[in-house]
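> Please find the sequence and the predicted model below.
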Number of protein chains: 2
Amino acid sequence: MSNEFSLGSVQVASTPLERFEEYLQSKGKRFTQQRRILIEQVFSHHDHFDADDLLALLAERVGSRTVSRPTVYRGLAELVEAGLLRKMVLGGRSVYEHDYGYPSHDHLHCTECNDLIEFHSEQLEAIRDAVAREHGFRVGSHRLIISGICQACQEKRRRKKSRLDRI
Amino acid sequence: MSNEFSLGSVQVASTPLERFEEYLQSKGKRFTQQRRILIEQVFSHHDHFDADDLLALLAERVGSRTVSRPTVYRGLAELVEAGLLRKMVLGGRSVYEHDYGYPSHDHLHCTECNDLIEFHSEQLEAIRDAVAREHGFRVGSHRLIISGICQACQEKRRRKKSRLDRI
DNA sequence: TTTCATGCAAAATGTTTGCACACGA
DNA sequence: TCGTGTGCAAACATTTTGCATGAAA
């Protein structure tokens, strides 16, 4: 897929781990076992997750020490502050995704299966800046979530419906 | 103000109260004192509010019976379900605003004074629909919040800064 | 006179905090 | 060693729920 709304890519000089170490250093914080486990787990694959998802994944990692709930929350806050993760609130819980080294984007949110589909739009950013200029507003960030039903769930519904119709 | 991003207006046949009564009727629900007080308070003026704001306003209404916290929450949910209010989550709490009879819009959110500035953009809706079409996604709604610092707060900062500079 | 609605208190949810102990630099 | 980080338990803030009582229709 490479069209108007596809995500580009971002070049970064250092790995998330390296960047996190720099951040910790700059703040006089220590690079502990828990912080290492957290960043390894979080950047082992790209997806959207909340604190509970992360806790569950960590619990599966047999052998290695686990990370407690408070430390997971504290760690996520640090990763956001370090610019490595981006946080959004969806249905009353905080959902995180990669930020560092990942192109800026917005989301389609399927209210049926809870899936998040990413897209990017330059035009959207242009509108954002135009609206802000109009109001003398200094933009920090923006968040657009389009809610609805994804293609897969629409098809699921259609199948279910035609099955009912046949009875 | 009447430009690209200003809000139009919406014509509606009935008042919020009338519409609420219809909704209650259709659901076999009763038009109680509490529901009357709630809708009167909520539609007495246009702004953004959360459950606590509403509870505080209700507490000020001397004389008239007050409405309990659970009933306020239940009532707000009903008003959203009835299409009278729109709900959004901002900083961990639910914020409500008029929906019925009020034009669709998005928000600039000042992270300094917490103010919400409304704007409308046809272009944004066009982008939303184009992205959705691209993904075979059926749009239910969307929510765009642009976070940053409003003009007034920027000026406040500037004044504070120059005051410090003079020392 | 039958439901449905309310208020109270308690529970649930997601997240944060105080504190004693553990550990990285 | 020193001071930061951790885990535990408890606190927290917001919202929801069970249930006995109260009030619409």
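Sure, I can see it.

> C-alpha from now on. contacts and neighbour counts both.
Will do.

> Residue A:147 should be in a strand, yeah?
Yes. Counting by DSSP: H, G, I helix; E, B strand; the rest coil, one finds residue A:147 located in a strand.

> How many neighbouring residues does it have?
As a burial measure, residue A:147 scores 22 neighbours (other Cα atoms under 10 Å in any protein chain shown).

> So it is in contact with residue B:137, correct?
No. Contact criterion Cα atoms under 8 Å: residue A:147 and residue B:137 do not qualify, at 9.1 Å.

> so how far is chain B from the nearest residue to residue A:35 once chain neighbours are set aside?
Counting by Cα to Cα, 6 or more residues apart in numbering or on different chains, residue A:75 is the residue found nearest to residue A:35 once chain neighbours are left out, at 6.8 Å. Separation of residue A:75 from chain B (Cα to the nearest Cα, to the nearest Å) stands at 19 Å.

> Let me see the ranges of the helices in chain A.
For chain A, helices defined by DSSP state H occupy the ranges A:16-26, A:33-42, A:51-60, A:69-81, A:122-135, A:151-166.

> Just put those in a markdown table and tack on mean pLDDT.
Shown next, in a markdown table, are the helices of chain A (pLDDT from 0 to 100):
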| stretch | mean pLDDT |
| --- | --- |
| helix A:16-26 | 97 |
| helix A:33-42 | 97 |
| helix A:51-60 | 95 |
| helix A:69-81 | 98 |
| helix A:122-135 | 98 |
| helix A:151-166 | 88 |
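
> Please name whichever of those helices is nearest to DNA strand C.
With Cα to the nearest atom of the strand as the criterion, DNA strand C lies closest to helix A:69-81 of the helices of chain A, at 4.4 Å.

> how about that closest one, does it get close to DNA strand C?
Yes. Interface with DNA strand C: helix A:69-81 contributes A:69, A:70, A:73, A:74, A:77 (Cα under 7 Å from any atom of the strand).

> list the contacts for the closest residue to the first one other than its chain neighbours?
When the adjacent residues along the chain are set aside, residue A:69 lies closest to residue A:55, with 7.0 Å between them (Cα to Cα, 6+ apart). Going by Cα atoms under 8 Å, 6 or more residues apart in numbering or on different chains, residue A:55 touches A:67, A:68, A:69, A:72.

> Next, the contact list for the last one, please.
By Cα under 8 Å, 6+ apart, the contact set of residue A:72 is A:38, A:51, A:54, A:55.

> Pull the contacting residues for the most centrally placed residue in chain A.
The centroid of chain A falls nearest to residue A:97 when counting by Cα atoms, centre = their mean (1.8 Å). Contacts of residue A:97 were listed using Cα under 8 Å, 6+ apart, and they are A:46, A:47, A:48, A:49, A:85, A:86, A:87.

> could you redo the last one with a cut-off of 10 Å?
A:42-43, A:46-50, A:80, A:84-88 (Cα atoms under 10 Å, 6 or more residues apart in numbering or on different chains).

> I'd like the distance from it to residue B:3, if you could.
According to Cα to Cα, to the nearest Å, residue A:97 and residue B:3 sit 36 Å apart.

> Likewise for residue A:3?
The value you get for residue A:3 to residue B:3, if Cα to Cα is used, is 31 Å.

> same question, residue A:113
For residue A:113, the distance to residue B:3 equals 39 Å [Cα to Cα].

> Same check on residue A:35?
Noted for residue A:35: a distance of 50 Å to residue B:3, by Cα to Cα.

> And those two? Which one has more around it.
Under the criterion of other Cα under 10 Å, the comparison of residue A:35 against residue B:3 puts residue A:35 first, with 23 against 9.

> what does the model give residue A:167 for pLDDT?
As predicted, residue A:167 sits at a pLDDT of 73.

> Could you report the neighbour count for it?
A count of nearby residues for residue A:167, using other Cα under 10 Å, gives 5.

> cool, residue A:108 as well?
Other residues close to residue A:108 by other Cα under 10 Å number 26.

> Check residue A:110 too.
Using other Cα under 10 Å, the number of residues around residue A:110 comes to 22.

> if I pick it, what's in contact with it?
Neighbour list for residue A:110: A:116-117, A:146-153, B:137-140 [criterion: Cα under 10 Å, 6+ apart].

> Narrow those residues to those that are buried.
Using 16 or more other Cα atoms under 10 Å in any protein chain shown as the burial test, the contacts of residue A:110 include A:116, A:117, A:146, A:147, A:148, A:149, A:150, A:151, A:153, B:137, B:138, B:139 as buried.

> with these in mind, which one is nearest to DNA strand C?
Each of the buried ones among the contacts of residue A:110 was scored against DNA strand C by Cα to the nearest atom of the strand, and residue A:116 proved nearest at 17.1 Å.

> Excluding covalently adjacent residues, which one is nearest to the closest one?
Spatial nearest neighbour of residue A:116, chain neighbours left out: residue A:109 (4.7 Å); criterion: Cα to Cα, 6+ apart.

> I'd say the one you found and residue A:146 touch.
Yes. The criterion here is Cα atoms under 10 Å, and residue A:109 meets it with residue A:146 at 5.9 Å.
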